[in-house]
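Q: generate coordinates for the sequence data below:
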Amino acid sequence: IYTSFSTKVTDIVYQVLQQFRPNTDTQAAILVLKPYTNQILAMAGSFSVEDEYNRALMSVRQVGSTIKPCIYYMALDYGFTPISKFKSEKTTFHIEGIGEYSPQNSNHVYANRDITMIEAVAVSDNIYSTKTLLFLGTSKLNDFLSLFGVDANNEVPSAALGVHELTLLQLASIYNTFASEGKYYEPKFIQKVTDKRGKVLYQAKQTGKQILNPATTLILNQLLRAPFDANAQGYATPTLLNYQPDAIYAAKTGSTLQDSLVVAYNPNYTIAVWVGKDNNEPLYETSLSRKMFEEIAIDEYQDSNSIQEEILKQVSRENNIFMVGDVKQSIYKFRQAKPEMFLEKYNTYEENKIQLFANFRSRKNILDLTNTIFENIMSKDFGSIEYNKNEFLNVGVPYLETDKKIFEKAELHIIDGNEERNNEEE
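A: Residues are numbered from 1 along each chain as shown. Sure thing, here's the model as predicted:
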């Protein structure tokens, strides 16, 4: 039996669970999925490995504000934009057949002005999401969830605040579809089954189904960066402002009186964290899911966090760990990576170091231009390494030139970010 579970990711998940396990009856569940695939990389259904109740699969809970990206996807697909506005103020809605409905923002804080969808996502404004869903029609959310096999029939205005009940796996699969540019992959634990002779008895379906608009999904993915954005601080604080992981993620938080959730993703990982009470008593460790997400959030190795590094140290023996990589990954500092981890190994490892110089993505003229630019601007003072012929990128594979005229010249585009900001202000 072949599964998709990743030992590395699973180890991180369980170490985080042990690190943050409270001395109360509060419980947790975590899932890590791989975008563009049906693979489940890690799953935990409890703080304790001895607990047989798997809350990631069995527990059906209200999802709170993690439902809002579904509403905003529908709005964007309808024709809204990230700067479409509704007024955020204390509001009572008069709903035919239901009566009066008065949703509230967290701590009763309102902008008392028109706000954009960006602001609404950043601070999880309940008035904005309610107005958006009522504009679209409450039945539309049921239709959207049915695309993912969720049997939903809540045609009430409070659906905008997440009264729908889903398992964590159902919720994670929706976000994994966002991460996969609108292509849905049904999550599978078992990827392949063979007999003792190697004959394949079962093979999981690897292809996905395009159920969402890719262009709309890409807009939503950028929009869901807002909870981390300090520039979105205004009448309220962005929900994940103080929980920036080492790598870039799109994310949304959610909460009820008994639950706290974070679901986040990038092209490499979809992470869903739930913390709550089995007995539906009030949850007081409301920030725990955010702290756990911040520790779990990982990217490619050059973007690894300190806990992943510590795991590697703990499982290694003397002189049996080595670095495989290209120290020029230090340029990824712009996306909040920690290239110091690479540089420390690059400068201290002697025999246990394999450097990768072959580039398999670009043609020679692109690499020549890149080497020329980096050679002239990168040094130990700027970029932390001396970029010389020993660091050059080299062609890893010859490309078949169908029309050489197309590839004769490489172009360098320099964008002045300050100038763009000045133009926007004007």
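Q: show me the shaky parts of this structure.
A: Applying pLDDT under 70 to the chain flags residues 298-342, 345, 349-357, 359-361, 383, 397-410, 415-426.
Q: quick one, what contacts the residue positioned nearest the centre of it?
A: Centroid-nearest residue in the chain, with CA atoms, centre = their mean: Tyr265, separated by 1.5 Å. Taking CB atoms under 8 Å, 6 or more residues apart in numbering, we find Tyr265 in contact with 35, 175-176, 178-179, 249-251, 271. Heads up, the C-betas are built off the backbone N, CA and C, glycines and all.
Q: restricted to strands, list the residues you listed.
A: 250-251, 271 (DSSP state E).
Q: and Val150, how many residues sit next to it?
A: Using other CB atoms under 10 Å, Val150 has 17 other residues around it.
Q: can you show me the strands along the stretch 1-150 of the chain?
A: 2-3, 27-33, 40-44, 61-62, 85-88, 93-95, 99-101, 113-116 (DSSP state E, counting those that start in this stretch).
Q: measure the nearest residue to the residue nearest to the centre of the chain once chain neighbours are set aside to Gly208 for me?
A: Among residues not flanking Tyr265 along the chain, Ala179 sits closest, at 3.8 Å (CB to CB, 6 or more residues apart in numbering). Distance from Ala179 to Gly208, counting by CB to CB, to the nearest Å: 11 Å.
Q: check Asp246 too.
A: From Asp246 to Gly208 the distance is 28 Å (CB to CB).
Q: in stretch 146-158, which residues are buried?
A: By 16 or more other CB atoms under 10 Å, the buried positions in stretch 146-158 come out as 148, 150, 152, 154, 156-158.
Q: ok now that stretch, how far from the chain's centre?
A: 24 Å (CA atoms, centre = their mean, to the nearest Å).
Q: looking at the buried residues of stretch 146-158, which is nearest Arg55?
A: Proximity of the buried residues of stretch 146-158 to Arg55 (CB to CB) peaks at Val150, which lies at 17.6 Å.
Q: just put the strands of the stretch 1-150 of the chain in TSV and tack on mean neighbour count.
A: Listed next are these as TSV, based on neighbours: other CB atoms under 10 Å:
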stretch	mean neighbour count
strand 2-3	14
strand 27-33	26
strand 40-44	24
strand 61-62	22
strand 85-88	18
strand 93-95	12
strand 99-101	10
strand 113-116	17
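Q: where does Leu212 land in three-state SS?
A: When classified by DSSP: H, G, I helix; E, B strand; the rest coil, Leu212 comes out as coil.
Q: so what's the residue nearest to the centre of the chain bridging to?
A: Ala250, Thr270 (DSSP bridges).
Q: please report how far it lies from Ile174.
A: Tyr265 is 10 Å from Ile174, by CB to CB.
Q: please enumerate the helices of this protein.
A: For the chain, helices defined by DSSP state H occupy the ranges 7-20, 68-78, 117-123, 126-136, 138-146, 168-179, 214-223, 288-296, 306-315, 340-348, 364-377, 417-425.
Q: the first one packs against which elements?
A: If I follow you right, that is helix 7-20. strand 27-33, strand 40-44, helix 288-296, helix 306-315 (3 or more CB pairs under 8 Å, 6 or more residues apart in numbering; DSSP states H and E).
Q: quick check: Met58 touching Thr167?
A: Yes. At 7.2 Å, Met58 counts as touching Thr167 under the criterion of CB atoms under 8 Å.
Q: more neighbours, those two?
A: Legend: neighbour count by other CB under 10 Å for Met58 and Thr167, higher for Thr167 (21 against 13).
Q: any idea how far that one is from Gly149?
A: Distance from Thr167 to Gly149, by CB to CB: 11 Å.
Q: same question for Leu168.
A: Leu168 is 15 Å from Gly149, by CB to CB.
Q: sorry, back to before: just the buried residues of stretch 146-158 now: which is nearest Asn371?
A: Phe148 (46.5 Å).
Q: give the contact list for Gln104.
A: Going by CB under 8 Å, 6+ apart, Gln104 touches 90, 126.
Q: with Ala179 instead?
A: Contacts of Ala179 by CB under 8 Å, 6+ apart are 35-36, 221, 250, 265-267, 270.
Q: for these, pick the one with the most neighbours.
A: Of the contacts of Ala179, with other CB under 10 Å as the count, Thr270 tops at 28 neighbours.
Q: if I look at that one, how far off is Ala179?
A: 5 Å.
Q: so what sits against both of the two?
A: Shared contacts of Thr270 and Ala179, defined by CB under 8 Å, 6+ apart, are found at Pro35.
Q: surely Ile83 touches Ile118?
A: Yes. Counting by CB under 8 Å, Ile118 is a contact partner of Ile83 at 6.8 Å.
Q: comparing these two, which residue is more hemmed in?
A: Remark: of Ile83 and Ile118, Ile118 carries more neighbours, 19 against 10, as counted by other CB under 10 Å.
Q: roughly how far apart are Asn347 and Asn213?
A: Relative to Asn213, and taking CB to CB, Asn347 is found at 47 Å.
Q: what of Ser106?
A: Look at Ser106 and Asn213: by CB to CB, they are 31 Å apart.
Q: next: Val200.
A: Applying CB to CB to Val200 and Asn213 gives a distance of 35 Å.
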